[in-house]
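*Asks:* Any chance you could fold what I've pasted below:
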Amino acid sequence: MAVGHGGAVASVDQDASAAGIEVLKKGGNAVDAAVATAAALGVSEPYSAGIGGGGYFVYYDAKSRTVRSLDGRETAPRTAGSGLFLENGKPLPFADAVTSGLAVGTPGTPATWQEALDSWGSRSLGTVLKPAERLARHGFTVDETFRSQTASNQARFADFPDTARLFLPGGKLPVVGSTFKNPDLARTYAELGDKGVDALYDGKLGRDLVRTVNKPPVDPDSGRNARPGDLSMKDLRGYEVKRRTPTKTSYRGLDVYSMAPSSSGGTTVGEALNILERTDLSEATRTRYLHRFIEASRIAFADRGRWVGDPAFEDVPKKELLSQKYADSRACLIKDDAVLKSPLAPGDPRDPVPCRAGDKAAPTTYEGENTTHLTAADKWGNVVAYTLTIEQTGGSGITVPGRGFLLNNELTDFSFAPANPAVHDPNLPGPASARVRRSRRPSSSTSGTGRSSRSARPAARPSSRPSCRP
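*Replies:* Next up is the predicted model:
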């Protein structure tokens, strides 16, 4: 047990948490500490987070007792169409799509940091990046999880010379107990701290990123076909962090706030909780509890697949999905002596009819298990819950040359094609809309209030990675 005062930081990594605590000790608030921790995770947790990715930032303001949130999700290039991941009319193999420029969305993480600091922070970006810059320059101690994650990516990392130089020095896996340094990332953080995030969204760093996406630097002897993307400086310059009204639902007397669409986390978790609300779980056996929990999640995910997408392009019935009336109409599908059929047809939250199962089902799309999460609180009572990611463990596998960070593969969170052509899919890729003047964001299962993708640890990382997705 650790007892203290003045705030707290929890993340998967001791060095990253220490970066946040350092900022708190120097008078910073929870937002300052959250950004410092996130930047440090980009150093020591580079396969799950970094400035090449995006995320969702949820903030509780103690003074006003309100919850705010930022959608820093990556966006598709303005030229992306519904056939982004189709070749010859068929979806690309998932592994081929992941390790490609096609998979890379416009990063939202640096813009999220700046927006959070401008809105609720008390320190500059340059100040809160200093601990991470120092960590990148001096290094962190390699543990078994970092080595094993590198090993699981070794084959594809080796196909990209810049990735191999950074993560496979000398062509070998990093040794447990050795010190891993990333001087390129230290310089990148120093540049962001000095010039601001425009260095990425309208500067040389951005041009380096765009060039890497559009012509992935592959070893010509590898035989890998890393398909090029079509990202532009116009995409970077047009990127916007979106302020979202958080979702809110009540569960047994507690108010639960979470991320609204483009994330599906808040509506899906909220619907599942509402379904469970009427069930007395206090006397339930473990088997009955798990059965009810799984079936409530199955129902919520069926509805998620039909109704949740980027709200700039889709009419997402957020209020109706979170209504208790709709949850009750779906809860009566659950029987203690039977398992719901999969795939389960979605309901219609705009027209809730008790126990109507629907007749058109679509299989649940692929859900990965990779991301990271942090929580920061300060002495004033402010709290941040921040989930950030580059999607797959190791992202796209593509490192921006000389910059020290991996690019995301977030666009693979789009549906490659409708799972069932008879059921509307709100999560297909598509071009920018002239009406909304911005690019489409893929849906995410991040709830913004979840736990990390692996348990926080004081010294050694566990080898398994439980999902933070609902």
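*Asks:* Tell me how far the longest helix along the chain lies from the chain's centre.
*Replies:* Counting by DSSP state H, the longest helix found in the chain is helix 286-307. Computed by CA atoms, centre = their mean, to the nearest Å, the chain-centroid distance of helix 286-307 equals 22 Å.
*Asks:* For the protein, identify the residue most remote from the centre.
*Replies:* Most distant from the centre of the chain: residue 337, at 36.3 Å, with distances by CA atoms, centre = their mean.
*Asks:* Against residue 295, how distant is that one?
*Replies:* Residue 337 sits at a distance of 12 Å from residue 295 (criterion: CB to CB, to the nearest Å). C-betas here are computed from N, CA, C, even on glycine.
*Asks:* repeat for residue 282
*Replies:* For residue 282, the distance to residue 295 equals 18 Å [CB to CB].
*Asks:* Compare neighbour counts for these two and give me the winner.
*Replies:* Neighbour count, other CB atoms under 10 Å: between residue 282 and residue 295, residue 295 has more, with 23 against 7.
*Asks:* Return the residues in contact with the more buried one.
*Replies:* Counting by CB atoms under 8 Å, 6 or more residues apart in numbering, residue 295 makes contact with 333-334, 339-340.
*Asks:* can you map out the helices along the stretch 151-300 of the chain?
*Replies:* For the stretch 151-300 of the chain, the helices defined by DSSP state H, counting those that start in this stretch cover 154-157, 161-167, 183-195, 198-201, 204-214, 233-237, 265-277, 286-307.
*Asks:* Single out the most deeply packed of those helices.
*Replies:* helix 265-277 (a mean of 26; mean count of other CB atoms under 10 Å).
*Asks:* tell me the angle of it relative to helix 286-307?
*Replies:* Going by axes from the mean of the first three to the mean of the last three CA atoms, to 10 degrees, helix 265-277 is angled at 140 degrees with respect to helix 286-307.
*Asks:* so for helix 265-277, what's the average pLDDT?
*Replies:* What helix 265-277 shows for mean pLDDT is 95.
*Asks:* Would you mind putting the CA coordinates of it into CSV?
*Replies:* In CSV, the C-alpha atoms belonging to helix 265-277 read as follows (Å, rounded to 0.1, in the frame of the first residue of the first chain):
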residue,chain,number,x,y,z
GLY,A,265,-17.2,2.7,-25.8
GLY,A,266,-19.6,5.0,-23.9
THR,A,267,-22.8,3.9,-25.6
THR,A,268,-21.8,0.2,-25.6
VAL,A,269,-20.7,0.1,-21.9
GLY,A,270,-23.7,2.3,-21.0
GLU,A,271,-26.2,0.1,-22.8
ALA,A,272,-24.7,-3.1,-21.2
LEU,A,273,-24.9,-1.5,-17.7
ASN,A,274,-28.5,-0.4,-18.3
ILE,A,275,-29.4,-4.0,-19.4
LEU,A,276,-27.9,-5.3,-16.1
GLU,A,277,-29.6,-2.6,-14.0
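*Asks:* what's the spacing between that helix and its chain's center?
*Replies:* With CA atoms, centre = their mean as the basis, the mean position of helix 265-277 lies at 19 Å from the chain mean.
*Asks:* Straight-line length of stretch 54-74, end to end?
*Replies:* Terminal residues of stretch 54-74 are spaced 5 Å apart (CA to CA, to the nearest Å).
*Asks:* repeat for stretch 393-402
*Replies:* The stretch stretch 393-402 measures 21 Å between its terminal residues, going by CA to CA.
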